[in-house]
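> Quick one, fold the following:
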Amino acid sequence: MRIGCCAYSYRDALTSGSMTLEGFLDAAVAMDADGVELTTYYLKQSDREYLNHIKRECFRRGLHIAATAVGSNFCQADPAKRREHVNMTKQWIDGSVLLGAPCIRVFAGPVPPGHTEDTAVAWAVECLQECAEHGAARGVVVALENHGGITARAEQVLRLVQLVDRTWFGINLDFGNFREDPYREFEIVAPYMVSAHAKTHWRGPSGEEPVDYLRALQIVRTAGYRGYISIEYEGRSDPATAVPSFAEELRGIMRRLA
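Residues are numbered from 1 along each chain as shown. The predicted structure follows:
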């Protein structure tokens, strides 16, 4: 497994302008990350010239672009809005090709008021299938994150995997997003992983609890996962120091499991 870092870990600095995307790449190099996940919220443009620039900047720093990430919602009741999010995702699948990223992280969305979960799932499946087919034609894997809504529990995620049923579709396992019985849920989802997000904590019934990464990474390793563990820091400490420290912690655990 490899250490990655999500641009989202530095969201406040990137949003305020106190850090540029190139500055984020420098931070990833400083923590000795193998690669980065480029959250598209922080890409200034989507044209070829700009994406080629970012690709070159990553290459010059020795960073692999492990994935891109979009904030999709395929459960919206308005078909026009679902279409908008499908088109946006397909646009960034094309952008991922330009960047050389083999994977794009997506969300499914929450059940909208006045509708059933089964209806929302049907909408999401249709959208995810279209995106996965677009990705398949371009060599980009679509990775659905367990991110609340219709993906809040592992059983819901597994249902979507089975219904979407596309070769170029898999799961981005976020170790901090299951709320009930995370380690059991990791075991359910791990066989379908194509990428992962590492948060320092998960939110249980009694509040935040540290993720046991020795246990968590052993679970996904046993399932055959060997890809990126990309840090998505959401803690209260300054990411400038907290993210590199977390990266070193994960690196030590990976060495123990090797």
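> going forward, measure contacts and count neighbours with C-alpha atoms only.
Fine.
> Specify the local secondary structure of Ala190.
Classification of Ala190 using DSSP: H, G, I helix; E, B strand; the rest coil returns helix.
> mind listing what's buried in the helix or strand harbouring Ala247?
Assigning secondary structure by DSSP states H and E places Ala247 in helix 239-257. Buried residues in helix 239-257, defined by neighbour count with 16 or more other CA atoms under 10 Å: Pro239, Ala242, Val243, Pro244, Phe246, Ala247, Leu250, Arg251, Ile253, Met254.
> With stretch 113-122 instead?
Buried residues in stretch 113-122, counting neighbours by 16+ other CA under 10 Å, are found at Ala120, Val121, Ala122.
> Stretch 121-135 now?
Here stretch 121-135 shows 121-125, 127-135 as buried, counting by 16+ other CA under 10 Å.
> Return the member of these nearest to Tyr50.
Comparing the buried residues of stretch 121-135 against Tyr50 with CA to CA picks out Gly135 as the nearest, at 21.2 Å.
> what sits against that closest one?
Gly135 is in contact with Lys90, Ile93, Val141, Val142, Trp168, counting by CA atoms under 8 Å, 6 or more residues apart in numbering.
> Name the member of the residues you listed with the most neighbours.
When neighbours are taken as other CA atoms under 10 Å, the top entry among the contacts of Gly135 is Val142 (33 neighbours).
> Can I get the helix or strand encompassing that residue as CSV, trimmed to CA atoms?
Using DSSP H and E, the element containing Val142 is strand 141-145. Output in CSV follows, covering the C-alpha atoms of strand 141-145 (Å, rounded to 0.1, in the frame of the first residue of the first chain):
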residue,chain,number,x,y,z
VAL,A,141,-12.3,3.7,-12.6
VAL,A,142,-15.3,5.3,-10.8
ALA,A,143,-14.9,5.0,-7.1
LEU,A,144,-18.1,5.4,-4.9
GLU,A,145,-17.3,6.6,-1.4
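> roughly how far is that strand from the heart of the chain?
7 Å (CA atoms, centre = their mean, to the nearest Å).
> Now do that strand, average pLDDT.
Mean pLDDT, strand 141-145: 99.
> And stretch 95-107, by the same measure?
pLDDT averaged over stretch 95-107 gives 99.
> Dump that stretch to CSV, restricted to CA.
Provided in CSV are the C-alpha atoms of stretch 95-107 (Å, rounded to 0.1, in the frame of the first residue of the first chain):
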residue,chain,number,x,y,z
GLY,A,95,-10.2,15.7,-17.1
SER,A,96,-8.8,12.7,-15.2
VAL,A,97,-7.6,11.3,-18.5
LEU,A,98,-5.7,14.5,-19.2
LEU,A,99,-4.2,14.5,-15.8
GLY,A,100,-3.2,10.8,-16.0
ALA,A,101,-5.4,9.9,-13.0
PRO,A,102,-6.7,6.3,-13.2
CYS,A,103,-9.6,6.9,-10.7
ILE,A,104,-12.3,9.4,-9.8
ARG,A,105,-14.1,9.5,-6.4
VAL,A,106,-17.8,10.2,-6.5
PHE,A,107,-20.7,10.4,-4.0
